[in-house]
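*Asks:* Next input, structure requested:
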Amino acid sequence: MAMDYQEKRIVFMGTPDFAVPALSLLAENGYNVVGAVTQPDKPKGRTGALQAPPVKEKAEALGIPVFQPVKVRNPEFVETLKNLAPDLIIVAAFGQIIPRSILDIPQYGCINIHGSLLPKYRGAAPIQHAVIDGEKESGVTIMQMGEGLDTGDMLARASVELAPDETGGSLFEKLSLLGAETLIEILPDLFAGDIIPEKQPEESPTPYAGMLTKQMGILDFEKPAEELERLVRGLSPWPGACTFLGEKNLKIWKSRVQEQNGGTEAVPGTVLSAGEDGIHVQCAEGILVLTEIQLEGKKRMDTASFLRGCKIQAGQRLGKNSNS
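*Replies:* Numbers count the residues shown, from 1 in each chain. As a prediction, the model looks like this:
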């Protein structure tokens, strides 16, 4: 990396764990990060004690000044940003829409590390949606930011294959590292003006990957077992997939699909059997075998351990409005 690249002034904007490797590698590679912008501290847990975002913790450890505006479009903060005089702003899972007043500040614009192979999975939760939809590969895109939602010109893409047991959490970690490495690879070319941006098509081939909600994780056994198993993996560790055992929430941490030989008269949601190898639940197509679960108020455990303290019998129904 030429010395003049090290002198370029960079502002980094990010909030969760996903953004931390990129900030770390920028510092390790001698880039001049003059400020880290992240979301305000938030109350956590029952005590309500304020918890700093991971990017704030990393930036402070690296000696980088931290800024936590409630809204980045606030004129006072925009002025603060102008005073930092960034040549480039790098964004990674920041959590707020960046307005035109900020996009226009740096000479090299604002670039974003997005957790999908654009134009697929524009939106807030591309990583988890790729697992839920059964994609065979995913990846990261470094893109030039505009005012559209993840529609800017692409500067680089890098892909990974999804493992058969891939979860939202494991893919999150892989893409977090891949995004950081890809960013560091392209920065010298970006500053040298050697990257030819690639325009995205207007339409995405996949639905918008909206924010995750707990409601998304409620298993509907009227769907195929294969689809539900992907949902369990995609929403792990948060917000998690669940069903109901009587009136209590039953979180599903791990499951597998078992094909069904021949027809059945069992209603979807019916427990077919419960033993050492798991709780077998009838679905619209196939059987979902629950292998690691957590009953409301209890610890997470494998099904065999769970069944030693809680009886579940063939014929019981799982889900709301079911007879337990």
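
*Asks:* Could I get the average pLDDT for stretch 174-184?
*Replies:* The pLDDT scores in stretch 174-184 average 98.

*Asks:* got the contact list for that stretch?
*Replies:* For stretch 174-184, contacts defined as CB atoms under 8 Å, 6 or more residues apart in numbering pick out 17-22, 24-26, 29, 90, 92, 113, 115, 127, 138-140, 142, 156-158, 160. C-beta coordinates here come from the backbone N, C-alpha and C atoms, glycine included.

*Asks:* again, but for stretch 83-90
*Replies:* Stretch 83-90 is contacted from outside by 8-14, 22, 26, 34-35, 98, 102, 105-113, 183, 190-191, using CB under 8 Å, 6+ apart.

*Asks:* Give me the buried subset of those residues.
*Replies:* Applying 16 or more other CB atoms under 10 Å to those, the neighbour count classes 8-14, 22, 26, 34-35, 98, 102, 105-106, 108-113, 183, 190-191 as buried.

*Asks:* Out of the residues you listed, list just those in helices.
*Replies:* Per DSSP state H, helices hold the following members of these: 22, 26, 102, 183, 190, 191.

*Asks:* Can you name the residues that contact residue 243?
*Replies:* Residues in contact with residue 243 (CB under 8 Å, 6+ apart) are 218, 219, 221, 250, 252, 269, 318, 319.

*Asks:* can you redo the residues you listed as JSON lines with pLDDT, neighbour count and secondary structure?
*Replies:* Listed next are the contacts of residue 243 as JSON lines, based on pLDDT from 0 to 100; neighbours: other CB atoms under 10 Å; DSSP: H, G, I helix; E, B strand; the rest coil:
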{"residue": "218", "pLDDT": "97", "neighbour count": "15", "secondary structure": "strand"}
{"residue": "219", "pLDDT": "98", "neighbour count": "25", "secondary structure": "coil"}
{"residue": "221", "pLDDT": "97", "neighbour count": "21", "secondary structure": "coil"}
{"residue": "250", "pLDDT": "97", "neighbour count": "23", "secondary structure": "strand"}
{"residue": "252", "pLDDT": "98", "neighbour count": "26", "secondary structure": "strand"}
{"residue": "269", "pLDDT": "97", "neighbour count": "23", "secondary structure": "coil"}
{"residue": "318", "pLDDT": "97", "neighbour count": "25", "secondary structure": "coil"}
{"residue": "319", "pLDDT": "92", "neighbour count": "20", "secondary structure": "coil"}
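
*Asks:* quick one: which of those is nearest to residue 58?
*Replies:* Nearest to residue 58 among those is residue 252, at 32.7 Å by CB to CB.

*Asks:* Spatially, what comes nearest to that closest one if we skip its sequence neighbours?
*Replies:* Computed as CB to CB, 6 or more residues apart in numbering, the closest residue to residue 252 that is not its neighbour in sequence is residue 241, at 4.7 Å.

*Asks:* mind listing what the one you found touches?
*Replies:* Here residue 241 is in contact with 217, 218, 219, 228, 231, 232, 235, 251, 252 (criterion: CB under 8 Å, 6+ apart).

*Asks:* Using just helix, strand and coil, how would you label the closest residue in space to the second one that isn't next to it in sequence?
*Replies:* Right, the one you point to is residue 218. Closest residue in space to residue 218, ignoring its immediate chain neighbours: residue 242 at 6.1 Å, by CB to CB, 6+ apart. Put simply, residue 242 is strand when judged by DSSP: H, G, I helix; E, B strand; the rest coil.
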